[in-house]
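J.: pasted the sequence and its predicted model underneath.
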Amino acid sequence: MSQAKSQIERLVLFGAGALAREILVVLSRLHAVGHEIEFVACLVDPDIAAADSLHDRPVSRDIHDFAGDDSLRFVVALGEPKARARAVERLRSIGARFASIIDPAVLIGASSSVGEGSMILGHASITADAHLGAHVLVNPGSTIAHDNRIDDFATLSPGVNLAGHVIIEEGAFLGTGASVIPGIRIGAHALVGAGAVVIRDVLPGHRVVGNPARILRRG
């Protein structure tokens, strides 16, 4: 067994909620196809209400429990982009390294790429020449067409559909079932409401809802 492979087998999840449980389902599916990843523990912020264990593994509230262990890899199992970004910064302070979690049912074109720490859940699809940044979350049933760019910490909720040449900037959040026509740019930290149909660019920090999507709030 190579050193690189052994280093990515031991996983700590930052978060112990619903997304963490979804990732554990992915780990079991990966196990079934021969890709072993050991779930070691969860880590949560000290003020977060959480059980003391998840699937018989401990839930820690002290980030320093994991400092200095180069065999560990981390995934931040938090759905909200800003919370995910804050957690990544905390983990970087202890020298953490990150793994990506990709369900074996996900379809990814050979010319597409996925950044570190990203999570792509069951039956999502990514076609040709699409590029996902770091710590992106793609939920089940989402489709990412050709030549898309999805920047760091963006979140696609279940059933989001992106046509070709769409750009999703850092930390943007697209709600369940949102659709985006070709060539659109969704600005950094923008929010697209559930079921919205986006036919015009969305500026950074704006919130849009409806069909066609209209501005609900700026900033």
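T.: In hand now; what should we look at?

J.: centre-most residue in the chain?
T.: L137 (2.0 Å; C-alpha atoms, centre = their mean).

J.: dump the residue contacts of that residue.
T.: 19, 79, 84, 118-119, 154-156 (C-beta atoms under 8 Å, 6 or more residues apart in numbering). For every residue, glycine as well, the C-beta is placed using N, CA and C.

J.: so which pair among the residues you listed is furthest apart in space?
T.: L19 and A154 (14.8 Å; C-beta to C-beta).

J.: for those two, indicate the residue with more neighbours.
T.: The residue with more neighbours, out of L19 and A154, is A154; 27 against 21, by other C-beta atoms under 10 Å.

J.: need the phi and psi values for the more buried one.
T.: When read as degrees, to the nearest 10, the backbone of A154 gives phi -70, psi 150.

J.: wait, it sits on H131?
T.: No - counting by C-beta atoms under 8 Å, A154 sits too far from H131 to count as a contact (11.8 Å).

J.: low-confidence regions, the protein specifically.
T.: 1-8, 217-219 (pLDDT under 70).

J.: domain parsing for it?
T.: 3-99, 102-208 (automatic domain parsing).

J.: quick one: closest of the ones you listed to I215.
T.: domain 102-208 (5.7 Å).

J.: list the buried ones in the longest helix anywhere in the chain?
T.: Longest helix in the chain, counting residues (DSSP state H): helix 18-32. By neighbour count with 16 or more other C-beta atoms under 10 Å, helix 18-32 contains the buried residues 19-20, 22-24, 26-27, 30.

J.: ok, stretch 204-219 next?
T.: Under 16+ other C-beta under 10 Å, the buried positions of stretch 204-219 are 204, 206-209, 213.

J.: what's the most distant pair in those residues?
T.: P204 and V209 (17.0 Å).

J.: and I108, how many residues sit next to it?
T.: 17.

J.: who does it bridge with?
T.: I126 (DSSP bridges).

J.: any idea how far V40 is from it?
T.: Plainly put, I108 is 26 Å away from V40 if you go by C-beta to C-beta, to the nearest Å.

J.: closest one of the buried residues of helix 18-32 to P46?
T.: Once C-beta to C-beta is applied, the member of these that ends up nearest P46 is A20, at 17.1 Å.

J.: so what's that closest one up against?
T.: For A20, counting by C-beta under 8 Å, 6+ apart, the contacting residues are 13, 42, 54, 77.

J.: now the helices for the chain?
T.: So, for the chain - with DSSP H - the helices run 3-7, 18-32, 81-92.

J.: closest one to I101 among these?
T.: It's helix 18-32; of the helices of the chain, that one is closest to I101 (C-beta to C-beta) at 5.5 Å.

J.: that closest one vs helix 81-92, what angle?
T.: 70 degrees (axes from the mean of the first three to the mean of the last three C-alpha atoms, to 10 degrees).

J.: so how far is helix 18-32 from its chain's centroid?
T.: Put simply, helix 18-32 sits 14 Å off its chain's centre (C-alpha atoms, centre = their mean, to the nearest Å).

J.: what would that helix look like as CSV? C-alpha coordinates only.
T.: The C-alpha coordinates for helix 18-32 follow below in CSV (Å, rounded to 0.1, in the frame of the first residue of the first chain):
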residue,chain,number,x,y,z
ALA,A,18,-27.5,15.6,8.4
LEU,A,19,-24.7,16.2,5.8
ALA,A,20,-22.2,14.2,7.9
ARG,A,21,-24.7,11.3,7.9
GLU,A,22,-25.1,11.6,4.1
ILE,A,23,-21.4,11.4,3.7
LEU,A,24,-21.3,8.3,5.8
VAL,A,25,-23.7,6.7,3.4
VAL,A,26,-21.3,7.6,0.6
LEU,A,27,-18.5,6.0,2.5
SER,A,28,-20.5,2.7,2.7
ARG,A,29,-21.1,2.9,-1.0
LEU,A,30,-17.4,3.5,-1.7
HIS,A,31,-16.6,0.5,0.5
ALA,A,32,-18.9,-1.6,-1.6
